[in-house]
Each structure stands twice: as C-alpha cells, then as structure tokens.
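S.K.: just the structure for this:
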Amino acid sequence: MPAGTASIASCAASRRRARAAAAGTFAAARTRLFNLVPLGLGFLAGTIAGTSAYLLAGFWSLLVTTAIMLGLIVWSRMREPA
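M.R.: Residues are numbered from 1 along each chain as shown. Okay, the predicted model is just below:
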C-alpha cells in the first residue's frame, strides 16, 4: 500500500471517530432540550393565564395568585424533613 493511501485511511478513520463523538454529544444535547421544552411551555401557559386573569379581574387576581403562592411556600416548608 502506498504511503499516501495509509495517510488517507488514517484520516478517514479519525473522521469516523470524530463523527461518532459528535453524534453522542448531539444526542445528549437533544435529550436536554426535550427535557427543557415542557418547562418553557408551562411558563408560557402560566404567563398567558396570568395576563388573562389580570385583564378580566384586575388587581384582585394578583392578590389571589400571591395568596396561592404563599400557601404553597408554607406547605412545602411544613413538609421538609427536620
């Protein structure tokens, strides 16, 4: 086998290893993205619901939301193990 052919084969093997590593990295990034999408959609839905409630009920909807949030904070603190 000529010297140039061995060099080309070595280069091709190196590229295959790099592509395999890149494919693994891409798969991991895609998994992280798919885990993050529901969080973003939940934030969007909450923003739309909060805006709608504020437009329909005015300032009082903010008081109700704050009361619910404070209740959840107190509830979670009570559930924490000592």
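S.K.: pLDDT value on the residue most central in space within the chain, please?
M.R.: Nearest to the geometric centre of the chain sits Leu36, at 1.7 Å (CA atoms, centre = their mean). Listed pLDDT for Leu36 reads 91.
S.K.: what about the longest helix in the protein?
M.R.: helix 3-57 (DSSP state H).
S.K.: contact partners of stretch 43-61?
M.R.: The contact list for stretch 43-61, computed with CB atoms under 8 Å, 6 or more residues apart in numbering, reads Leu62, Val64, Thr65. For every residue, glycine as well, the C-beta is placed using N, CA and C.
S.K.: I'd like to know which of these are part of helices.
M.R.: Leu62, Val64, Thr65.
S.K.: ok, the first one to Pro81 distance?
M.R.: Yep, that's Leu62 we're talking about. 33 Å (CB to CB, to the nearest Å).
S.K.: got a winner among the contacts of stretch 43-61 for most neighbours?
M.R.: Thr65 (15 neighbours; other CB atoms under 10 Å).
S.K.: who are the contact partners of that one?
M.R.: With contact taken as CB under 8 Å, 6+ apart, Thr65 is in contact with Gly50, Ala53.
S.K.: try it again at 7 Å.
M.R.: Residues in contact with Thr65 (CB atoms under 7 Å, 6 or more residues apart in numbering) are Gly50.
S.K.: please renumber so the chain begins at 28
M.R.: Okay, residue one is now 28; in that scheme the one you just asked about reads as Thr92.
S.K.: that one and Gly73: what is the separation?
M.R.: Separation of Thr92 from Gly73 (CB to CB) stands at 10 Å.
S.K.: likewise Glu107?
M.R.: From Glu107 across to Gly73, the span is 24 Å (CB to CB).
S.K.: tell me which of those two has more neighbours.
M.R.: Shown here are Glu107 and Gly73; by other CB under 10 Å, Gly73 has more neighbours (11 against 6).
S.K.: alright, that wraps it up for me.
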